[in-house]
Structures are given as C-alpha cells and as structure tokens.
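Trainee: Fold the following for me, if possible:
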Amino acid sequence: MSPHTSKDPLHGMTLEAILNALVARYGWDEMGKRVNINCFKSDPSIKSSLKFLRRTPWARAEVEAFYIESLDEPTAPEAELPADSPWANWKAKKEE
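Mentor: Alright, predicted model coming up:
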C-alpha cells in the first residue's frame, strides 16, 4: 500500500459524483425514502440538491453515510431488456 492511499471511501469523491452515483443506482424516489430530504422528493435535480447539501452540513452527512452504506449493498442484477429494445445490445457493441 502506498503512503498516499486512503481507506476513506469518500476520499477523492466530490459531492456531485456521490449524488450522481446514488441517483444512477437508486433513483430520486428511493433516495427520498432512504434519506428524508425534501430536495430529493420535490422536483429533484442534481443542481438543487448540491446547492442544499453544500449549505446544510447535517443533510450532507446523511447523504455521505448513505453512499458509504450503499458500497456494501450488492447491486441488483441487471434487468433483461427486450430484444427489440435499442439498448438491448449496447454493452456488447461497446466492448467490440
């Protein structure tokens, strides 16, 4: 382990990156259920959430804790898309 490696899961993560990761994984509805913050429930957006969380230390702490907990949760298996979906084979095409 190099002397500059941090064990902190938030090391190097911006608040915006944390929010984007949580929204991608859970969506706004689930985030609003897990972290009771109005900016996740009422017309949510990354921009409005960042503004609120940067001014509200307790809310930011809850979101960061939620992010750390989410790292330990197994990811749900990806849903199978219908074969006629334009996104059905995007990964295969991307890897070629």
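Trainee: Could you pull up the residues touching the one residue sitting closest to the centre of the chain?
Mentor: Central residue of the chain (Cα atoms, centre = their mean): L22, 1.4 Å from the mean position. Contacts for L22 (Cβ atoms under 8 Å, 6 or more residues apart in numbering) come out as M31, V63, F66, Y67, S70. From N, CA and C alone the C-beta is placed, and that goes for glycine too.
Trainee: at 7 Å what do you get?
Mentor: Applying Cβ atoms under 7 Å, 6 or more residues apart in numbering, we find L22 in contact with M31, F66, Y67, S70.
Trainee: where do the helices sit along this structure?
Mentor: For the chain, the helices defined by DSSP state H cover 15-34, 38-41, 46-55, 57-72, 90-95.
Trainee: For E96, give me the pLDDT.
Mentor: Looking at E96, its pLDDT is 49.
Trainee: what's the answer for M1, then?
Mentor: M1 carries a pLDDT score of 50 in this model.
Trainee: and the contacts of L22, which are buried?
Mentor: Taking 16 or more other Cβ atoms under 10 Å as the criterion, what is buried in the contacts of L22 is M31, Y67, S70.
Trainee: which among these gets closest to P9?
Mentor: The closest of the buried ones among the contacts of L22 to P9 turns out to be Y67 (Cβ to Cβ; 7.7 Å).
Trainee: From P57, how far out is the closest one?
Mentor: 15 Å (Cβ to Cβ, to the nearest Å).
Trainee: Okay, buried residues for stretch 26-45 please.
Mentor: Within stretch 26-45, the residues that count as buried by 16+ other Cβ under 10 Å are Y26, W28, M31, G32, R34, V35, I37, C39, F40, P44.
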